[in-house]
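Trainee: next input, structure requested:
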Amino acid sequence: MAIKIVKTKLKTKKCISERVKITGTGKVMRRKGGKSHLNAHKSSARKRTLRKEVECDKTHQKLLKHALPYAF
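Mentor: Presented below is the predicted three-dimensional model:
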């Protein structure tokens, strides 16, 4: 009788998966902060740049790979 060893599945951190997006080339994209409120005094150009997504820092890659085990 052979004993079967089963590894448990790793859980995805849902809060991270809702906030970041993995591109086809493996880059991690995030939204910029500072656009949710107090927008009346901000210029249109500033609000327009806050709309765009930017790439996450390379220093956070280890943290993100642990939080999103099946995304990479």
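
Trainee: quick one, phi psi at the residue nearest the centre of the chain?
Mentor: Note on the chain: the residue nearest the mean C-alpha position is Val20, at 2.2 Å, using Cα atoms, centre = their mean. Dihedral pair for Val20: phi -120, psi 160, per degrees, to the nearest 10.

Trainee: counting by contacts, list what the lowest-mean-pLDDT helix or strand in the chain packs against.
Mentor: Scoring the helices and strands of the chain by mean pLDDT, DSSP states H and E places helix 61-67 at the bottom, with a mean of 88. Contact partners of helix 61-67 among helices and strands, from 3 or more Cβ pairs under 8 Å, 6 or more residues apart in numbering; DSSP states H and E: helix 14-19. For every residue, glycine as well, the C-beta is placed using N, CA and C.

Trainee: touching whichever helix or strand comes after the helix it packs on from outside, list them.
Mentor: Elements were assigned by DSSP states H and E; along the chain past helix 14-19, the next helix or strand is strand 20-22. When contacts are taken as Cβ atoms under 8 Å, 6 or more residues apart in numbering, the neighbours of strand 20-22 outside the stretch itself are 28-30, 53, 56, 64, 68, 71-72.

Trainee: next step: the residues you listed restricted to strands.
Mentor: Using DSSP state E, the members of the contacts of strand 20-22 that fall within strands are 28-30, 53.

Trainee: top of the residues you listed by neighbour count?
Mentor: Going through the ones in strands among the contacts of strand 20-22 with other Cβ atoms under 10 Å as the criterion, the one with the most neighbours is Val28, at 21 neighbours.

Trainee: show me what contacts that residue?
Mentor: Shown here is Val28, whose contacts under the criterion Cβ under 8 Å, 6+ apart are 20-22, 55-56, 60-61, 64.
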